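Enquirer: fold the following for me, if possible:
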Amino acid sequence: MNFRSDNVTGIAPEILAAIAAANTGDAPSYGADPITARVTRRFAEIFEREVAAFPLATGTAANALALAAVTPPWGAVYCHEESHVQTDECGAPEFYAGGAKLIGLPGADGKLVPAAVEAQMIEQGVVHHAQPAAISISQATEAGTLYTPAEVAALGALARRRGLALHMDGARFANAVAALGCPPAEITWRAGVDVLSLGATKNGALAAEAVIFFDLGRAADFAYRRKRGGHLFSKMRFLSAQLDAYLADGLWLSNATHANRVAARLAEGLAQIAGAHLRYPTQANEVFVELPERAIRALAEAGFGFYRWGGESSPCLRLVAAFDSRLDDAEALIAVARRHAGPR
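Expert: Next comes the predicted model:
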């Protein structure tokens with residue numbers, strides 16, 4: 001009954017089996033193995049074009065090294081003020097980019113819009129200022145909302161017009177693709193995304209992420225950045241085996257679809273409770289809901305795991321559904337909250 005995060009889960013059985021299968025015999029090291037090569041081909045098929053794909057173990061490394069690849073030390077990265085790269089990476093993007101500056105901007109429902117970004121964009125070529133270098137967006141956002149293909153494309157057009165790179169933090173990219181029902185290409189390179197940090201860990205992997213370059217020229221030095229950042233695994237096949245199983249037979253989308261379905265049920269049921277208010281639209285696998293304090297206490301006493309979003313006294317809960325969350329647990333949570341708050 002733990003809805004605290006999609007990081008609290010175990011490993012999807014298919015991925016665990018793939019790790020065990022990779023643990024037979026020997027294989028070339030440092031990514032020269034056939035499983036890693038197969039993963040790159042799978043990514044090319046999914047995104048309908050040639051890509052440069054680099055497995056890593058953590059989302060922080062994926063975001064930080066991806067941004068470092070498209071941002072010089074004197075560069076500025078425009079991101080949402082509540083984005084993960086701005087609030088939860090312990091300065092890793094700035095560190096790996098040699099001191100580049102993150103500029104957090106406001107935006108409704110956790111999203112950036114081109115007008116807000118351009119309004120804050122400093123003049124290029126002024127030696128006293130950090131130079132605009134990249135825009136970073138999260139898909140899904142920290143508010144659990146989604147950018148439509150048109151919204152990504154609008155930011156991509158701004159990036160092209162101003163000579164910036166567009167980076168996408170896709171820690172929950174599978175949940176976004178499953179919810180939007182569009183080809184992955186439509187919300188990435190066709191919309192102007194240059195580099196994607198694609199996560200699998202939150203959706204059933206043990207520790208497996210990937211940095212995917214759609215602009216191959218920007219990937220020229222990334223192998224060195226990954227090595228310098230400590231993420232060139234000698235036994236890379238064990239990371240790649242996770243991604244291979246994740247992408248095979250649509251597992252990544254079926255896992256995400258299930259998580260989204262559980263979250264949708266939570267949002268639907270809780271919205272009917274007296275005093276409840278959904279802070280953001282529930283569009284993927286995260287629910288942000290304000291509840292009466294008596295209902296929150298009852299949920300905690302009943303053993304449900306959740307975060308209060310905004311501090312220990314906040315009335316807003318973040319509930320995150322995962323690939324193995326149970327609909328029965330969602331129904332039980334709704335029932336406890338309703339019993340202690342009353343119907344709307």
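
Enquirer: dump the residue contacts of the nearest residue to Gly230 once chain neighbours are set aside.
Expert: Leaving out its chain neighbours, the residue that sits closest to Gly230 by Cβ to Cβ, 6 or more residues apart in numbering is Ala61, at 7.8 Å. From N, CA and C alone the C-beta is placed, and that goes for glycine too. Counting by Cβ atoms under 8 Å, 6 or more residues apart in numbering, Ala61 touches 92, 209, 229-231.

Enquirer: in TSV, list the residues you listed along with distance to Val320.
Expert: Listed next are these as TSV, based on distance: Cβ to Cβ, whole Å:
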residue	distance to Val320
Ala92	22
Glu209	18
Gly229	28
Gly230	28
His231	25
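
Enquirer: distance of the residue nearest to Gly230 relative to Leu317?
Expert: Per Cβ to Cβ, to the nearest Å, Ala61 is found 30 Å from Leu317.

Enquirer: before we move on, what about Glu94?
Expert: 31 Å.

Enquirer: which one's more surrounded, the two?
Expert: Leu317 (27 against 20; other Cβ atoms under 10 Å).

Enquirer: confidence score at the more buried one?
Expert: Model confidence at Leu317, given as pLDDT, is 97.

Enquirer: verify the contact between it and Gly305 for me.
Expert: No. Using Cβ atoms under 8 Å, Leu317 makes no contact with Gly305, being 10.4 Å away.

Enquirer: how about the helices in the stretch 151-300 of the chain?
Expert: In the stretch 151-300 of the chain, the segments counted as helices under DSSP state H, counting those that start in this stretch are 173-180, 222-228, 237-247, 251-270, 293-301.

Enquirer: and of the ones you listed, who's closest to Ala20?
Expert: Between Ala20 and the helices of the stretch 151-300 of the chain, the tightest spacing by Cβ to Cβ is seen for helix 237-247, at 8.9 Å.

Enquirer: tell me the angle the closest one makes with helix 173-180.
Expert: 10 degrees (axes from the mean of the first three to the mean of the last three Cα atoms, to 10 degrees).

Enquirer: that older thread, ok so the residue nearest to Gly230 is a strand residue?
Expert: No. Under DSSP: H, G, I helix; E, B strand; the rest coil, Ala61 falls outside any strand and is assigned helix.

Enquirer: and the pLDDT at it?
Expert: 96.

Enquirer: again, but for Asp329
Expert: In this model, Asp329 is scored at 97, pLDDT.

Enquirer: likewise for Gly156?
Expert: 98.

Enquirer: before we move on, what about Glu50?
Expert: As predicted, Glu50 sits at a pLDDT of 97.

Enquirer: swap in Ala116?
Expert: Per the predicted model, pLDDT is 93 at Ala116.

Enquirer: quick one: it from Ala154, how far?
Expert: Per Cβ to Cβ, Ala116 is found 11 Å from Ala154.

Enquirer: domain ranges for this protein, per the record?
Expert: Listed by automatic domain parsing, the domain ranges of the chain are 13-250, 251-341.

Enquirer: which among the ones you listed is found nearest to Phe3?
Expert: The closest of the domains of the chain to Phe3 is domain 251-341. By Cβ to Cβ, the value is 4.1 Å.

Enquirer: now the closest one, how far from the centre of its chain.
Expert: 19 Å (Cα atoms, centre = their mean, to the nearest Å).

Enquirer: kindly report the same for stretch 135-149.
Expert: 8 Å.
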